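Asks: A structural model of the following input is requested.
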Amino acid sequence: MRLFLLLLSISAISGQEVLRGEVQIDIEPIHGAYADESYPLDAETVYRRGLEESALFYGAMIYGWSFEYDVGERARGIAEAFELTRLGGIPFGDPGLHATDVKVRDMRLHLWTDYRLNPEQQRRIAFWKSGGIRTAQAVGHGPLGNPSEQTGWLDIKKAALEDAARLAVRTLLRGTERNRPKEVRGYISLSSFPNFWIDSGQWAVSARFRVEITEILPFAAH
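Replies: A predicted model of the protein is given here:
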C-alpha cells in the first residue's frame, strides 16, 4: 500500500523517458534434460524470444515485485523462504517497446531495445529512484532446464533471476541489520538489464536491484 501512496505523491514528469537494454538469445539452446523441438531456432523465433525477454526485464524495472522473506536459521530449524509477487508487466507487442539494433555473433542474437515510458510508468521509475530506495547486487543460479512440459524457456531464466533477488535482499540485510531478522517484507525492482551465462551446468545471472524494505520482524517478536 505504501508503494502506491508514494507513487501518487510524485508529481508528473514532463517529456518521455526512455529505458534501454540488451539481451542475448542462444540460437542453438540446449537446456538440461531436453532440447527445443526446433533446433536450431529459426530467425523469427529467436527474434520473438529477444523481445519477450526484453519485455520481462522492462516490466521488472518499471513495476517490480513485492516480496515476503522468511530469512530462516539453520540452528533453530527454520527454513528460508522467499516469495515474490509481480506488481505489473509489459506484454508482448507493447507499442512502447522498439528494437534498435540486431546482430548475430557466435550463434547468439544480440538485441538492443528501447522502451518509451508513459506518464504513469515515469512516476513508477521516479519512485524507484527516490531517496528511500537502496541498491543491491547479487549473482543467482537456476537449472538449465526441466523435463516438464509446463516449464518454458523464459520461466527457467525467471527462476535464476528470482534467486538473485533473494540474495540481493539477503546481502542488503547483512549490511544493515546487526541481528538476523525472522521475516522481512518490501518491494524490489531491477535497476538494469541482468547478465546471464552458464556456470557449472546451471544458469547464472548477475543482477542489480532497487530495494525498499517496509517491515522487519525480529525473532523476539515470535
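Asks: Quick check: pLDDT value at residue 219.
Replies: Model confidence at residue 219, expressed as pLDDT, equals 71.
Asks: Then residue 72?
Replies: In this model, residue 72 carries a pLDDT of 72.
Asks: That one: neighbour count?
Replies: The burial count assigned to residue 72 is 16, neighbours taken as other Cβ atoms under 10 Å. Placement of C-beta: from N, CA and C, glycine included.
Asks: what about the closest residue to it other than its chain neighbours, neighbour count?
Replies: What sits nearest to residue 72 in space, not counting adjacent residues and going by Cβ to Cβ, 6 or more residues apart in numbering, is residue 80, at 3.3 Å. Neighbour count of residue 80, defined by other Cβ under 10 Å: 12.
Asks: which residues touch residue 80?
Replies: Contacts for residue 80 were tallied using Cβ atoms under 8 Å, 6 or more residues apart in numbering; they are 70-72.
Asks: and it, how far is that from residue 196?
Replies: Counting by Cβ to Cβ, to the nearest Å, the gap from residue 80 to residue 196 is 24 Å.
Asks: go on, residue 70?
Replies: Using Cβ to Cβ, we find residue 70 at a distance of 27 Å from residue 196.
Asks: Comparing these two, which residue is more hemmed in?
Replies: Neighbours were counted for residue 70 and for residue 196 using other Cβ under 10 Å; residue 196 has more, 20 against 16.
Asks: Name the residues linked to that one by a beta bridge.
Replies: In this structure, residue 196 has beta-bridge partners residue 205, where bridges are defined by DSSP bridges.
Asks: so where's this protein shaky on pLDDT?
Replies: 1-15, 30-38, 75-77, 145-151, 177, 220-222 (pLDDT under 70).
Asks: Now do the buried residues in the top helix by length along the chain.
Replies: Ranked by number of residues, the top helix in the chain under DSSP state H is helix 153-176. Of the residues in helix 153-176, those with enough neighbours to count as buried (16 or more other Cβ atoms under 10 Å) are 153, 156-170, 172-173.
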